[in-house]
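In: Predicted model and sequence follow; I will ask about them next.
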Number of protein chains: 2
Amino acid sequence: MGDRVDGRSLRYAHRRTELLHAVTEHVLAEGLADLTLRRVAAAIGVSHATLVHHFATRDQLITEIVDDVLTRVLMPSAEGIAHGFDLRATWAWLQTPEGSQATRLYLSITGLALYGDPPYADALRRSQQRRLAALSAGLRLVGCPDDECDAVATSVLARVRGLAADLLLTGDRARLDAAFEDFAREAEARRATWRSA
Amino acid sequence: MGDRVDGRSLRYAHRRTELLHAVTEHVLAEGLADLTLRRVAAAIGVSHATLVHHFATRDQLITEIVDDVLTRVLMPSAEGIAHGFDLRATWAWLQTPEGSQATRLYLSITGLALYGDPPYADALRRSQQRRLAALSAGLRLVGCPDDECDAVATSVLARVRGLAADLLLTGDRARLDAAFEDFAREAEARRATWRSA
């Protein structure tokens, strides 16, 4: 509240960011099942009171974790797709330990959101809208007709999501790489029609 | 064990199927979070001992629920895609109450499976393999070249999964219908290349 900043509030702000980072790392590794402020506090080695001081409630903390994960780790993939439609770089990133952990958490948040847990559902909807808008704008830049950008962006995100889920579930990399190559070729063929339009 | 069937075992087999059906309906409506035999028994109005008698453990029950849901409600969609590549019928089915409930549960099982809960992960892998095999065989029937069937089947399942997840999360039917139409047109164009091959 207000514009005054003193040393103490700066220190707290810094501490808050640090805590959120630690919680996010914990959740990326362990998932969100049975998440409570008390369990999280124990896992990252701070007191329950410290977490309550900075995040107030479990729902507030979850909202911030989800926003943090989705922004920090999933936006770059949308940007990767948009800047030069670089699907192959996105697919490679999804198979790094960081990408794979983030995707797993994302799919797990989806599962929780679908039975109506509000902090998950709201954060996920916001993230979906942001990625869609970023990708749609990127597609427009590379020549996608205005009235097709949202549909193509929606398709690309759906397809990447589905392939990444299949890969995480089955670990069948040869089949998924082949399906992904098929996708990348279709996307390039489509992009070629925009260039010539 | 063995081939002898008497009235008593038939009655039990019937009762078991009835119980599994009741549990599956409960789970389709409420989800799988915090599932225990005791809570399920209370929800469907039988004793804990009855569930233990028929399903032994929580993991055994979960395995059967997941197999039941995935076979009963998701295989028809794979068959729908395969027989005549009828994507539009599949998309319409996914938007019925039954299809939407089944998809929601499927995506929630995916979330749980990814953090290593074995009954979910194993059942889901089996189901993914079965749907993939069914769809791949169907694609072969409608002219897909042998060496492309698995990749195309993988892509189709991924895309349907991703679009259905987006629809459930955002409820943005106009955008998803447009993305789906785009998908159906691409699929038809691809199928046309098989016919002429």
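Out: Great, that's in hand.
In: Output the lowest mean pLDDT helix or strand found in chain A.
Out: None of the helices or strands of chain A scores lower by mean pLDDT, DSSP states H and E than helix A:75-82, at a mean of 58.
In: And the helix or strand that that one is followed by, what's buried?
Out: Once the chain leaves helix A:75-82, the next helix or strand it forms, by DSSP states H and E, is helix A:87-94. Within helix A:87-94, the residues scored as buried using 16 or more other CB atoms under 10 Å in any protein chain shown are A:87, A:90-91, A:93-94. C-betas here are computed from N, CA, C, even on glycine.
In: counting contacts, what elements does helix A:87-94 pack onto?
Out: helix A:75-82, helix A:97-113, helix A:149-170, helix A:173-196 (3 or more CB pairs under 8 Å, 6 or more residues apart in numbering or on different chains; DSSP states H and E).
In: just to revisit the earlier point, save the buried residues of helix A:87-94 as CSV, and put in pLDDT too.
Out: Converted to CSV, the buried residues of helix A:87-94 look like this (pLDDT from 0 to 100):
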residue, pLDDT
A:L87, 83
A:T90, 84
A:W91, 89
A:W93, 85
A:L94, 87
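In: and of those residues, the nearest to B:H48?
Out: Of all the buried residues of helix A:87-94, A:L94 has the smallest distance to B:H48: 42.8 Å, by CB to CB.
In: how about the residue nearest to the spatial centre of chain A, what does it touch?
Out: Note on chain A: the residue nearest the mean C-alpha position is A:L70, at 2.7 Å, using CA atoms, centre = their mean. A:L70 sits next to A:106, A:109, A:123-124, A:127 when contact means CB atoms under 8 Å, 6 or more residues apart in numbering or on different chains.
In: So for it, what's the pLDDT?
Out: With respect to pLDDT, A:L70 scores 75.
In: From A:S136, how far out is it?
Out: Separation of A:L70 from A:S136 (CB to CB, to the nearest Å): 17 Å.
In: can you check A:R159 too?
Out: In terms of CB to CB, A:R159 sits 15 Å off from A:S136.
In: what about these two, which has more around it?
Out: More crowded of A:R159 and A:S136, by other CB atoms under 10 Å in any protein chain shown: A:R159, with 25 against 22.
In: Help me confirm that that one comes into contact with B:S155.
Out: Yes: here A:R159 reaches B:S155: they are 7.0 Å apart, a contact under CB atoms under 8 Å.
In: Spit out the residues that contact the two alike.
Out: A:F183.
In: Low-confidence ranges, chain A, go.
Out: A:1-13, A:72-85, A:195-197 (pLDDT under 70).
In: of all the contacts of A:L70, which comes closest to chain B?
Out: Chain B lies nearest to A:L124 out of these, by CB to the nearest CB, at 5.7 Å.
In: related to what we said a few turns ago, out of the helices and strands packed on helix A:87-94, flag the one nearest B:G31.
Out: helix A:97-113 (8.5 Å).
In: hmm, the following helix or strand past the closest one in reach of chain B?
Out: Tracing the chain C-terminally past helix A:97-113 and defining elements by DSSP H and E, one meets helix A:118-141 next. Yes: using CB under 8 Å from any CB of the partner chain, helix A:118-141 reaches chain B at A:121, A:124-125, A:128-129.
In: Let's see if you can find the most crowded of those residues.
Out: That'd be A:L124 among these, by other CB under 10 Å, with 23 neighbours.
In: Just name the most buried of the helices and strands packed on helix A:87-94.
Out: With neighbours taken as mean count of other CB atoms under 10 Å in any protein chain shown, the helices and strands packed on helix A:87-94 reach their highest mean count in helix A:149-170, at a mean of 23.
In: chain center to that helix, what's the gap?
Out: Mean-position distance between helix A:149-170 and its chain equals 13 Å (CA atoms, centre = their mean, to the nearest Å).
In: by how many degrees do it and helix A:87-94 diverge?
Out: 40 degrees (axes from the mean of the first three to the mean of the last three CA atoms, to 10 degrees).
In: sorry, back to before: reformat the helices and strands packed on helix A:87-94 into CSV and put distance to chain B next to each item.
Out: What follows is those, written out as CSV (distance: least, CB to the nearest CB, whole Å):
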stretch, distance to chain B
helix A:75-82, 14
helix A:97-113, 2
helix A:149-170, 3
helix A:173-196, 4
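In: I'd like those as a markdown table, with distance to A:G143 appended.
Out: Shown next, in a markdown table, are the helices and strands packed on helix A:87-94 (distance: least, CB to CB, whole Å):
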| stretch | distance to A:G143 |
| --- | --- |
| helix A:75-82 | 12 |
| helix A:97-113 | 27 |
| helix A:149-170 | 10 |
| helix A:173-196 | 4 |
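In: nearest to A:F55, of those helices?
Out: Proximity to A:F55 (CB to CB) singles out helix A:97-113 among those, at 17.3 Å.
In: surely A:E30 meets A:A43?
Out: Yes: at 7.4 Å, A:E30 counts as touching A:A43 under the criterion of CB under 8 Å.
In: quick check, nearest of the residues of helix A:118-141 next to chain B to A:F183?
Out: A:F183 has its nearest neighbour among these in A:Q128, at 19.8 Å by CB to CB.
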